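>>> quick one, fold the following:
(chains A and B)
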Amino acid sequence: MANAISTLPDQQLAVLNDTYRKAVARKRLKVTLAAVVFFAALIVAAIGAEVNLRTLFSYFGNFVSYFDRIFTLEDGTRVWTNFGEWFWGWQKWLKMLGETILISYVGTLAGAVLAFVLNFFAAQNTSPAPWLRFVIRRLLEFARTVPGIVFALIFVIAFGLGPMGGVLAIAVHSAGALGKLFSEIVENADMKPVEGVRSTGASWLSCMRFAVLPQVTAGYASYALLRFEINVREASVMGFVGAGGIGQELVVAIRKFYYSDVSAILVTIIVTVFVIDITTGWLRGKLFGTEARA
Amino acid sequence: MSQLPKPDTGALRTKYPDVFDRPASARLAMPATILAAFAIFVFGLVDLDFSPAKLMSGLSQLGWITVMMIPPDPGSSLPAYLAALGETLSIALLGTTLAAVAALPVSLLAARNIVPSNLLRFPVRRFLDSIRGVDTLIWALVWINVVGLGPFAGVLAIALSDFGAFGKLFSEAIEAADRKQVEGIRAAGGNALHEIRFGLMPQVLPVIAGQVLYFIESNTRSATIIGIVGAGGIGLQLAEQIRVLEWQKVSFLILMILVAVAAIDWISGKLRFAIIGQRALA
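Below you'll find the model as predicted:
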């Protein structure tokens, strides 16, 4: 049994071994260099971000005990022993939660409609003029790169405190994000139906309506639902800057150290996000088959 | 001009009954959905205090603000802004790295092919889901309560919320790995740790590296906003300048953010391409 493996002649083996070692050494050198650069960047970053490991270790206990405190009621018992006391403000919170969901719904729909109108001008294969495409693309890029909450900060000053600023901020940001995704779907659409419709003498608008739209609607709806999911999370923090929703309650609870309120509101938000994730996931799967989920 | 023959509608109608006589439920489903969506939209507008007058006055305010923003001008605070931008990039880099390092072992626990027991995997997954369900800004507020105001709270906030995301993504990458290499290691006499180190990691690491780079990119965006609640970086400057209505500085800061994000996108795109090669394009 032991003599089953045959070996190459030494001379040939030496050459092969040599090449192998060289290849490995080159790869190792590359990896080491990359690691050195990465760690140097980390150290520079750590100095820049005022990272202090001693602070972290001495405060990590605080982080754990913070969670201990937010799950304790004022009388010292655990929150889940007394649901009535834990969720004492449930009527107010549910109302704010409803407002949050409504903000994200209205914002997503407005953003999706805006993206829908703009995306045909941004897609390479359907845009009527190159300069228009360039302008619309830069506009969408701007809208999606500036974070939603920055828009909210500015809109709150322009439109006054309240959910209106939040809705508009979400609408603008979603329009930017969805506009790009929508135009990518259009770029992947089959152009033969467009040629067919155009050969009958149809206008640009009719081409879009009867040749492109039937191909892309499912993709649009799928992305819009996904965006709605993201926007619910986003809307839950819009209240931090005064743009409505449950964030307002949360920021007050955190800043004023109303510990059990913090956990109650957090649990409410997490459960809502779960439910919406699952619902939209199911909806997307049902409407467009499993491949649209990816 | 020759006349096209008139189609025989009656014959077509009997030949394709599905097309011509769809049941009312099928024909009405689409308009009903659109109508319902629109009704909720209108209800939302009313409930959220939208009014044309408010919208118009807000838009004119916004137009005025935009005019005030031109030209962007940092005033005398350019060095401070550059430092803040550096801080933001540091927060993104450190937070993402910390999250990736912490998430790797946990993701092994959440992967079906490593931990077959549902009993252990299920709580780990729900735990990661709960962390992801909370926005980074909320984590930033919590960390500020724990370690105080400043960029360090931002690093920890990004690390924590990415920890949830990475745990899920990594475990999916591990589950998608090819079983054969692992079996090969076992056949050669390797133990469970050898299987992970030599069978799984070489397959999974490039995917993970790509995801980490992508997150550094997206965290640059997140890191710009956590300053709004006081967790350091350029967001702090931005929120302050917006509150004192220094619009020229605001527009300058927004431009800085846009340029920085574009630069990071470009760099990480190149790096991702170098690490996972052609697959990065997919």
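
>>> who touches B:A157 in this structure?
Applying Cβ atoms under 8 Å, 6 or more residues apart in numbering or on different chains, we find B:A157 in contact with B:95, B:136-137, B:139-140, B:142-143, B:226, B:231. Glycine gets a C-beta too; all of them are placed from N, C-alpha and C.

>>> quickly find the element holding it.
helix B:151-175 (DSSP states H and E).

>>> list the buried residues for the helix or strand following that helix?
On the C-terminal side of helix B:151-175, the nearest following helix or strand under DSSP H and E is helix B:179-187. Using 16 or more other Cβ atoms under 10 Å in any protein chain shown as the test for burial, helix B:179-187 gives B:181-182, B:185.

>>> what residues does stretch B:105-116 touch?
B:120-121, B:124-125, B:128, B:163, B:166-171, B:174-175, B:177, B:179, B:182, B:196, B:200.

>>> out of those, which are buried?
B:121, B:124-125, B:128, B:163, B:166-171, B:174, B:177, B:182, B:196, B:200.

>>> quick one, helices of the chain?
Picked chain A for this. Ranges of helices in chain A, per DSSP state H, are A:10-48, A:53-70, A:83-86, A:90-122, A:130-145, A:148-159, A:163-188, A:192-199, A:204-207, A:213-238, A:247-255, A:259-288.

>>> nope, chain B
Counting by DSSP H, the helices of chain B are B:9-15, B:17-20, B:24-47, B:52-69, B:78-110, B:118-133, B:136-147, B:151-175, B:179-187, B:192-194, B:201-226, B:234-243, B:247-276.

>>> would you pull up how far the fourth one lies from the middle of the chain?
What that stands for is helix B:52-69. Distance, stretch centre to chain centre, for helix B:52-69: 30 Å (Cα atoms, centre = their mean, to the nearest Å).

>>> just the buried residues of that helix, please?
Buried-residue list, helix B:52-69, by 16+ other Cβ under 10 Å: B:58, B:61-62, B:65, B:69.

>>> reformat those residues as JSON lines; add distance to chain A and pLDDT.
JSON lines is the format used below for those (distance: Cβ to the nearest Cβ, whole Å; pLDDT from 0 to 100):
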{"residue": "B:G58", "distance to chain A": "4", "pLDDT": "83"}
{"residue": "B:Q61", "distance to chain A": "4", "pLDDT": "83"}
{"residue": "B:L62", "distance to chain A": "4", "pLDDT": "85"}
{"residue": "B:I65", "distance to chain A": "6", "pLDDT": "84"}
{"residue": "B:M69", "distance to chain A": "10", "pLDDT": "81"}
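
>>> how near is B:W139 to chain A?
10 Å (Cβ to the nearest Cβ, to the nearest Å).

>>> same question, B:A29
Distance, B:A29 to chain A, by Cβ to the nearest Cβ: 11 Å.

>>> can you count the residues close to that residue?
12 (other Cβ atoms under 10 Å in any protein chain shown).

>>> got it, and A:V15?
A:V15: 11 neighbours (other Cβ under 10 Å).

>>> local confidence estimate at it?
Looking at A:V15, its pLDDT stands at 89.

>>> how about the one 3 residues further on?
pLDDT, A:D18: 90.

>>> then the one 10 residues further on?
What the model reports for A:R28 is a pLDDT of 87.

>>> go on, A:Y220?
On the pLDDT scale, A:Y220 is placed at 87.
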